[in-house]
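> the following comprises the amino acid sequence and a computationally predicted model.
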Amino acid sequence: MSRYLKPGRTTARFNAAVGWLARRGISLAGAADLSVRGRKSGTWRRVPVNPMTYDGARYLVSARGESDWVRNMRAAGGGQLQVGRRTRAFTAVELPPSETPELLRAYLRRWGWEVKSYFGEVTADSPDEALHAAAPRHPVFRITEA
């Protein structure tokens, strides 16, 4: 069930500004600048993300679905997160959708106000069945600092 919600021009500009701020040490609502090597070019690609800690582990959730950073992460197996001068390299393992509904619930509790349009009717308060149905459309990676 591959899908990707491409950002419009205004959102792309806003995301660029959020990434720029994160690289300078200003993290809006917990945002960080993700760098991951391109699967075809091998060059570093950057995008702002909302890293999440849940039960002591760190995760990246793709609210927009099968984005380029998701495809690049699958190929690269890791990347870097930056806030200010602090850059942390990490490895990443994609979780099967059957393991992600509670992570999606936690993500929506924290950032639902920001990403609700990408999840349709699904919210943090949705029944488990709705989160299970949404899980294949929102890849989740467990990240571990390298």
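Arrived safely, thanks for sending. Numbers count the residues shown, from 1 in each chain.
> now do the strands in this structure.
With DSSP state E as the criterion, the chain has strands at 32-37, 44-49, 52-54, 57-61, 78-83, 86-94, 140-145.
> export the lowest-mean-pLDDT helix or strand in the chain to PDB, keeping only CA atoms.
Scoring the helices and strands of the chain by mean pLDDT, DSSP states H and E places helix 9-23 at the bottom, with a mean of 80. Output of helix 9-23 as PDB, limited to C-alpha atoms (Å, rounded to 0.1, in the frame of the first residue of the first chain):
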ATOM      1  CA  ARG A   9       5.400  24.800  -2.200                       C
ATOM      2  CA  THR A  10       4.500  26.600   1.000                       C
ATOM      3  CA  THR A  11       5.000  23.400   3.100                       C
ATOM      4  CA  ALA A  12       8.300  22.800   1.300                       C
ATOM      5  CA  ARG A  13       9.500  26.300   2.200                       C
ATOM      6  CA  PHE A  14       8.400  25.900   5.800                       C
ATOM      7  CA  ASN A  15      10.200  22.500   6.000                       C
ATOM      8  CA  ALA A  16      13.400  24.100   4.600                       C
ATOM      9  CA  ALA A  17      13.100  26.800   7.300                       C
ATOM     10  CA  VAL A  18      12.600  24.200  10.100                       C
ATOM     11  CA  GLY A  19      15.600  22.300   8.900                       C
ATOM     12  CA  TRP A  20      17.700  25.400   8.700                       C
ATOM     13  CA  LEU A  21      16.700  26.400  12.200                       C
ATOM     14  CA  ALA A  22      17.400  22.900  13.500                       C
ATOM     15  CA  ARG A  23      20.900  23.000  12.000                       C
END
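> angle of it against strand 78-83?
With axes from the mean of the first three to the mean of the last three CA atoms, to 10 degrees as the basis, helix 9-23 and strand 78-83 are set at 80 degrees to each other.
> report the angle between helix 9-23 and strand 86-94.
Using the same axes, to 10 degrees: helix 9-23 against strand 86-94 is 120 degrees.
> so what's V115 closest to, chain neighbours aside?
Nearest non-adjacent residue to V115, counting by CB to CB, 6 or more residues apart in numbering: A63, 3.9 Å away. No exception for glycine: its C-beta is placed from N, CA and C like everyone else's.
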